[in-house]
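**Q** task: produce atomic coordinates for the following.
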Amino acid sequence: MKLVKIWDKLGKQPLYITQHTDAKVFVGDKEFCVTGIRYESRRPLGFIAVPINCSTCNNNVEFPLPHTCDVCTSLDQEEEYGMWEAK
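**A** Prediction:
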């Protein structure tokens, strides 16, 4: 998909949705969060994305408390939200 088509589709969304929704990319059954754009000579090459999992979550407290993010439990339910945040 060309970047202009992505921009066109995003432009048709209400401004509130685009300001409060994380950009996600789905590759197969894996989910990634877009964290930036890679450029070369001022030309956008593609998106920089991190996998959405416990190891990349800002809410993941490794010691002594357990992980506080509910993305692991919400994946097997029909919820539309999660507490995952990029580090």
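
**Q** report the central residue of the protein.
**A** Residue closest to the average C-alpha location in the chain (CA atoms, centre = their mean): residue 33, at 2.2 Å.

**Q** how about low-confidence regions in this structure?
**A** For the chain, residues meeting the criterion pLDDT under 70 lie at 59-84.

**Q** 80 instead, please
**A** Counting by pLDDT under 80, the ranges of the chain that qualify are 53-87.

**Q** which parts of the protein are strands?
**A** 24-27, 30-40, 43-51 (DSSP state E).

**Q** counting contacts, what elements does the longest one pack onto?
**A** In this case it means strand 30-40. strand 24-27, strand 43-51 (3 or more CB pairs under 8 Å, 6 or more residues apart in numbering; DSSP states H and E). Yep, even glycine has a C-beta here, placed from its N, CA and C like the rest.

**Q** sheet partners, orientation included, of it?
**A** Using DSSP bridges, the strands paired with strand 30-40 are strand 24-27 (antiparallel), strand 43-51 (antiparallel).

**Q** tell me the most buried of those strands?
**A** Each of those was scored by mean neighbour count; the highest is strand 43-51, a mean of 12, by mean count of other CB atoms under 10 Å.

**Q** give me the distance from that strand to the chain's centre.
**A** 12 Å (CA atoms, centre = their mean, to the nearest Å).

**Q** so what touches that strand?
**A** 3, 23, 25, 30-39, 56, 86-87 (CB atoms under 8 Å, 6 or more residues apart in numbering).

**Q** these: which two are farthest apart?
**A** Greatest spatial distance among the contacts of strand 43-51 (CB to CB): 3 and 87, at 26.6 Å.
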